[in-house]
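Visitor: Quick check, what structure comes out for this input:
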Amino acid sequence: MSRASRATGSAFSPLTMIVLVLIAVVAMAGLGVLSAYAPELKSGDDGGAHPLSRSSVGYAGIVRLLEATGVPVTLSRGRLTRNAADSLLITTPPLGVNADQVQDRVGDSAPHAKNDLPVITRGGGGIVELTGGPTLIVLPKWNTLPEAHDHGWVSTLGPAPEHGVLNVLPERFRGRIGLTRAKAAGFVQLTRPSGQRIGRPVRIERLQTLSGPDMRPPAWTPVLTDGVGNVIVARKPDAWIYVLSDPDLLNTQGLKSLAGAQTAVAMLDLLRAEDSPVIFDLTLHGFQRTRSLLRLMLEPPLLGVTLLLAALAAFAGFQAVVRFGPAREADRTVALGKRALADNTAALVRLAKREHRLASPYALLVRAAVARAIGAPRTLSEAELDAFLDRVGVMTGVTVRYSALADSARAAKTPNDLMKVAQDLRRWKQELTRGRQ
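Guide: Have a look, this model is predicted:
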């Protein structure tokens, strides 16, 4: 055997094929698990305007700040439960998001009837605030471009178009409201309509505020202004929804100073009930935990069923590998038709211990079949036919003569002799007829 042939044979050895199959099975199983849990496996540090991003427009800083000050913080990847009814939900819709998605998220978090909300009294002038699952929608502001060499960093390209910013709001919230932007950076002091100051003055680049005919009751209620009347935080009276006009008051860029961090915490303390948790929404940024059949099969209580099915599949594959030949069908206990007649006759012969007597009749049947196959004359007697077959056998090179086989058949005394005669007759027939029937 040449070196090339040996290499080819070893490449497709049974052990190699088994290893390749196992690698393929493990790879497919791993791909299925990763596909089911892909949204949760994302680090989120992609420079986007969401709570997992550490970029200048991200909100990972405020998450860590709230956790450091003892505020319970949750990053939500799915639908909210009843346990979140008193929490402040903060959603940061990106530019271009479908407003219906924002509406669905807002509808899950806050009631639409003012009477459904409990009334509590806060300090600071005895201001009465209503709580019960409030939601803060933080409007986008900046167009950004990811840095090519610094993963998770972005470059600010300038403010986004005003219509693009407002389009993230649900249609029922838009009405006749607009945006106003300052022409340069400046310090902003958050102020309540009553004159109460919140936090400390913060330097904001091109402050973005809410404006328009609807930015007053009963359409919207101003909650926080910049001290000169421009609305920064407004509340929808018929739905416990807040809108923050400028994200730089909460994102990493706004927390770069101590004053900015103190102002952000003070603003959120005003909007949420005392000691209530804060929930940051991730679903609008593609980090939603979706329910799928594959994920359902990989988690309790159906995980046991999945493992059982995998074990059964492995056992079936092992049986298919070790089994030789096709599956053998089970015979009937009682045969039908001619098969039953033949079985019964053979059973009677075997019971009478006369199997060897079948050797001579079988030899005559084989002789008749060979005579028809080679075209022997039909007028020959039995002795002449035997001699004719012997002559034909000599002419064709057959080593055994029929006359000798006939003598062996007549001399058979045991079932083993019968089987020997049958094998010799079969071989003689094949040599003489060359497979002809």
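
Visitor: Does V106 belong to a helix, a strand or coil?
Guide: Assigned with DSSP: H, G, I helix; E, B strand; the rest coil, V106 falls in the helix class.

Visitor: how about the lengthiest helix in the chain: buried residues?
Guide: Looking across the chain with DSSP state H, the single longest helix is helix 14-36. Under the neighbour-count criterion of 16 or more other C-beta atoms under 10 Å, helix 14-36 has A36 buried. Glycine gets a C-beta too; all of them are placed from N, C-alpha and C.

Visitor: Could you list every helix and strand in contact with the lengthiest strand in the chain?
Guide: Assignment by DSSP state E gives strand 197-204 as the longest strand of the chain. If contacts are counted by 3 or more C-beta pairs under 8 Å, 6 or more residues apart in numbering; DSSP states H and E, strand 197-204 sits against strand 186-191, helix 258-271.

Visitor: In the chain, where is pLDDT below threshold?
Guide: The chain contains residues with pLDDT under 70 at 1-12, 38-43, 81-83, 107-132, 289-292, 323-327, 331, 333-335, 435-437.

Visitor: Put the alpha carbons of the longest helix of the chain into CSV.
Guide: C-alpha atoms of helix 14-36 as CSV (Å, rounded to 0.1, in the frame of the first residue of the first chain):
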residue,chain,number,x,y,z
PRO,A,14,-14.0,5.2,12.4
LEU,A,15,-12.4,7.0,15.3
THR,A,16,-11.8,10.1,13.3
MET,A,17,-15.5,10.2,12.1
ILE,A,18,-16.8,9.7,15.7
VAL,A,19,-14.6,12.6,16.9
LEU,A,20,-15.8,14.8,14.1
VAL,A,21,-19.5,13.9,14.9
LEU,A,22,-19.0,14.7,18.6
ILE,A,23,-17.4,18.0,17.8
ALA,A,24,-20.2,18.9,15.5
VAL,A,25,-22.8,18.0,18.1
VAL,A,26,-21.1,20.0,20.9
ALA,A,27,-20.7,23.0,18.5
MET,A,28,-24.4,22.9,17.5
ALA,A,29,-25.5,22.6,21.2
GLY,A,30,-23.2,25.5,22.1
LEU,A,31,-24.6,27.6,19.3
GLY,A,32,-28.1,26.9,20.4
VAL,A,33,-27.4,27.9,24.0
LEU,A,34,-25.6,31.1,22.9
SER,A,35,-28.5,32.0,20.6
ALA,A,36,-31.0,31.6,23.4
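
Visitor: now for it, which elements pack on it?
Guide: Where contact means 3+ C-beta pairs under 8 Å, 6+ apart, helix 14-36 is packed against helix 293-297.

Visitor: The helix it packs on packs against which elements?
Guide: Applying 3+ C-beta pairs under 8 Å, 6+ apart, we find helix 293-297 packed against helix 14-36, helix 303-322.

Visitor: Need the residues that contact that helix.
Guide: With contacts defined as C-beta atoms under 8 Å, 6 or more residues apart in numbering, helix 293-297 is touched by 32, 35-37, 302-303, 305-306.

Visitor: go with 6 Å
Guide: With C-beta atoms under 6 Å, 6 or more residues apart in numbering as the test, helix 293-297 has contacts from 36, 302, 306.

Visitor: and if you look at stretch 350-364?
Guide: Residues contacting stretch 350-364 (C-beta under 6 Å, 6+ apart): 349, 406, 409-410, 412-415, 417-418, 421.

Visitor: Assign a three-state SS to the residue lying closest to T396 once chain neighbours are set aside, would you?
Guide: Ranked by C-beta to C-beta, 6 or more residues apart in numbering and with sequence neighbours excluded, the top spatial neighbour of T396 is L432, at 6.3 Å. Secondary structure assignment for L432 (three-state DSSP): helix.

Visitor: Over to R176?
Guide: Assignment for R176 (three-state DSSP): coil.

Visitor: Would you confirm that R77 contacts D281?
Guide: No. The criterion here is C-beta atoms under 6 Å, and R77 misses it with D281 at 8.8 Å.

Visitor: Which one of these two is surrounded by more residues?
Guide: Using other C-beta atoms under 10 Å, the more surrounded residue of R77 and D281 is D281, with 29 against 15.

Visitor: In the beta-sheet assignment, what are the partners of that one?
Guide: The partner list for D281 in beta bridges (DSSP bridges) reads S76.

Visitor: hmm, back to that, show me which of the contacts of stretch 350-364 are buried.
Guide: Using 16+ other C-beta under 10 Å as the burial test, the contacts of stretch 350-364 include 406, 409, 412, 415, 417-418, 421 as buried.
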